[in-house]
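Enquirer: Quick check, what structure comes out for this input:
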Amino acid sequence: MVKPGLLFLPPDSAQTRQLFPQQLMAQLDELVDVERNLLGRQLSEQELVERIRGKEICITGWRSPRFSEPVIAGADRLRLILHSAGTVKPYISRSLFERGIILTSSNSVIARVTAEAVLAMMMVGNWEVRRWIAVMEGGGWKERETTIPGIQGKTVGLIGFGSVTRALLPMLRAFRLRQILLYSEHASRQEVLELGAELADLDSLLIRSDIVSVQTSLTLRTRHLLNGTNLGLIRYGALLLNAGRGELIDEQALIHHLKQNRFRAVLDVYAVEPLPADSLLRTLPNVTCFPHLGAATQYCREGIGWDVLENLQEYLGGRAPHGAITYEQALLMSEH
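Expert: Purely as a prediction, here's the structure:
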């Protein structure tokens, strides 16, 4: 029996070997006829046009070339694209879906780990980890009357109702929160209520929340969703988290407000990455910065590859791949 042809686009790198270890690649070789990218870099769009012909399946990843109209026109046998990352928006065109090509994403794996990262950021911020490490390293100790904000008893405001928020909500049930507020243009009040939260407009969420977590997709509508005006609504002593995309917050406006020491922030994403060494965000005392660690766990790196394999097995078995997404869903994902 002739095995389906599969074009494997991620170039050989330490990260690719994390996602697709030798054992997993051996299983791919058993199922399909794999053509690997041996160039040591991403293919150009023209190179993809030349290589995609005759292939039924393609595995893509971060910074893969875009499946533009010319690529789709040359993809005479393509039926399935397995994306070994989260957002697919930078890589697709409408013609891909019009041709009936199935597109899957490993976003669910990444979302679960990003939700874990958000929870860790809440802990780091409201347990004042940065402050108390500095105190201990300096030989100090707490005063007898010292208290810290903590998480229990707080109102948490979540901005965005994607897969990260859906994974985070069950985790938050372990805490005795006063309330969970949620802002989204794509959620119904009843659906949010059933998940134990209250739908709120953005200004109300910022005013009422002790912890504000930004984890929505980056689109033209959400760029600088938090700006110089509404950042001023965040209450004194609150904690702001960003594990979504840096451009969701106007960074210069954020720095201006943080300098006033009204609220604190824990950030994992930035407008420019890596974060410039001279950025004030690195040195402001009320900010804790992480180097975009959101999906960097061993579980996530290993889980993505196995998720791709599971989607492939489902397709080859005549079943609908669990990670398949529609064009409408793809449009709601982040620009990068």
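Enquirer: ok, which stretches of the stretch 201-336 of the chain are helices?
Expert: 202-208, 251-259, 298-316, 327-331 (DSSP state H, counting those that start in this stretch).
Enquirer: in the stretch 201-336 of the chain, what spans have low per-residue confidence?
Expert: Applying pLDDT under 70 to the stretch 201-336 of the chain flags no residue at all.
Enquirer: Could you pull out the strands in it for me?
Expert: 211-214, 239-242, 264-267, 287-289 (DSSP state E, counting those that start in this stretch).
Enquirer: Make TSV out of those strands and add distance to residue 47 and mean neighbour count.
Expert: No exception for glycine: its C-beta is placed from N, CA and C like everyone else's. Output for the strands of the stretch 201-336 of the chain, formatted as TSV (distance: least, C-beta to C-beta, whole Å; neighbours: other C-beta atoms under 10 Å):
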stretch	distance to residue 47	mean neighbour count
strand 211-214	37	26
strand 239-242	36	26
strand 264-267	37	24
strand 287-289	37	19
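Enquirer: of the helices of the stretch 201-336 of the chain, which approaches residue 63 most closely?
Expert: The closest of the helices of the stretch 201-336 of the chain to residue 63 is helix 298-316. By C-beta to C-beta, the value is 14.8 Å.
Enquirer: how far does the closest one sit from the chain's center?
Expert: The chain centre lies 17 Å from the centre of helix 298-316; the measure is C-alpha atoms, centre = their mean, to the nearest Å.
Enquirer: And stretch 116-125, by the same measure?
Expert: That offset, for stretch 116-125, works out to 15 Å (C-alpha atoms, centre = their mean).
Enquirer: Give me the contacts around that stretch.
Expert: 129-130, 149, 151, 156, 164, 168, 171-172, 211, 213, 215, 239, 241, 243, 264-266, 268, 288, 290, 293-295, 297 (C-beta atoms under 8 Å, 6 or more residues apart in numbering).
Enquirer: Stretch 138-154 now?
Expert: 122-123, 125-128, 132, 135, 175-178, 210-211, 237, 239.
Enquirer: can you give me the strands for the stretch 1-150 of the chain?
Expert: Using DSSP E, counting those that start in this stretch, strands in the stretch 1-150 of the chain cover 5-8, 33-36, 57-60, 80-83, 102-105.
Enquirer: Pick the most buried one from the ones you listed.
Expert: Neighbour counts (mean count of other C-beta atoms under 10 Å) averaged over each of the strands of the stretch 1-150 of the chain peak at strand 57-60, with a mean of 26.
Enquirer: what are the pairing partners of that strand, and which direction each?
Expert: Strand 57-60 has the following sheet partners, assigned by DSSP bridges: strand 5-8 (parallel), strand 80-83 (parallel).
Enquirer: before we move on, back to that, could you export the strands of the stretch 201-336 of the chain as a markdown table, including distance to residue 320?
Expert: Formatted as a markdown table, the strands of the stretch 201-336 of the chain follow (distance: least, C-beta to C-beta, whole Å):
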| stretch | distance to residue 320 |
| --- | --- |
| strand 211-214 | 32 |
| strand 239-242 | 34 |
| strand 264-267 | 38 |
| strand 287-289 | 41 |
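Enquirer: quick one: average pLDDT of stretch 85-98?
Expert: The average pLDDT within stretch 85-98 is 90.
Enquirer: Can you name the residues in contact with it?
Expert: Residues contacting stretch 85-98 (C-beta under 8 Å, 6+ apart): 60-62, 64-69, 72-73, 81, 83, 103, 105-107, 110-111, 217, 295, 304, 325-327, 330-331, 333-336.
Enquirer: Can you report how many residues lie near the nearest residue to residue 84 once chain neighbours are set aside?
Expert: Nearest residue to residue 84, sequence neighbours excluded (C-beta to C-beta, 6 or more residues apart in numbering): residue 61, at 4.5 Å. Using other C-beta atoms under 10 Å, residue 61 is surrounded by 24 other residues.
Enquirer: where does residue 61 land on pLDDT?
Expert: 94.
Enquirer: quick one, what contacts it?
Expert: Counted by C-beta under 8 Å, 6+ apart, residue 61 has contacts 9-10, 16, 19, 83-85.
Enquirer: if we go to 6 Å?
Expert: Going by C-beta atoms under 6 Å, 6 or more residues apart in numbering, residue 61 touches 10, 84-85.
Enquirer: Neighbour-wise, which one of those leads?
Expert: Highest count within the contacts of residue 61 by other C-beta under 10 Å belongs to residue 84, 24 neighbours.
Enquirer: doesn't residue 303 make contact with that residue?
Expert: No - contact criterion C-beta atoms under 6 Å: residue 84 and residue 303 do not qualify, at 10.6 Å.
Enquirer: Next, give phi and psi for the most far-flung residue of the chain relative to its centre.
Expert: In the chain, counting by C-alpha atoms, centre = their mean, residue 144 sits farthest out from the average C-alpha position, at 40.5 Å. Here is the backbone geometry of residue 144 (degrees, to the nearest 10): phi -60, psi -30.
Enquirer: what about it, distance to residue 129?
Expert: Per C-beta to C-beta, to the nearest Å, residue 144 is found 21 Å from residue 129.
Enquirer: Residue 268 now?
Expert: In terms of C-beta to C-beta, residue 268 sits 14 Å off from residue 129.
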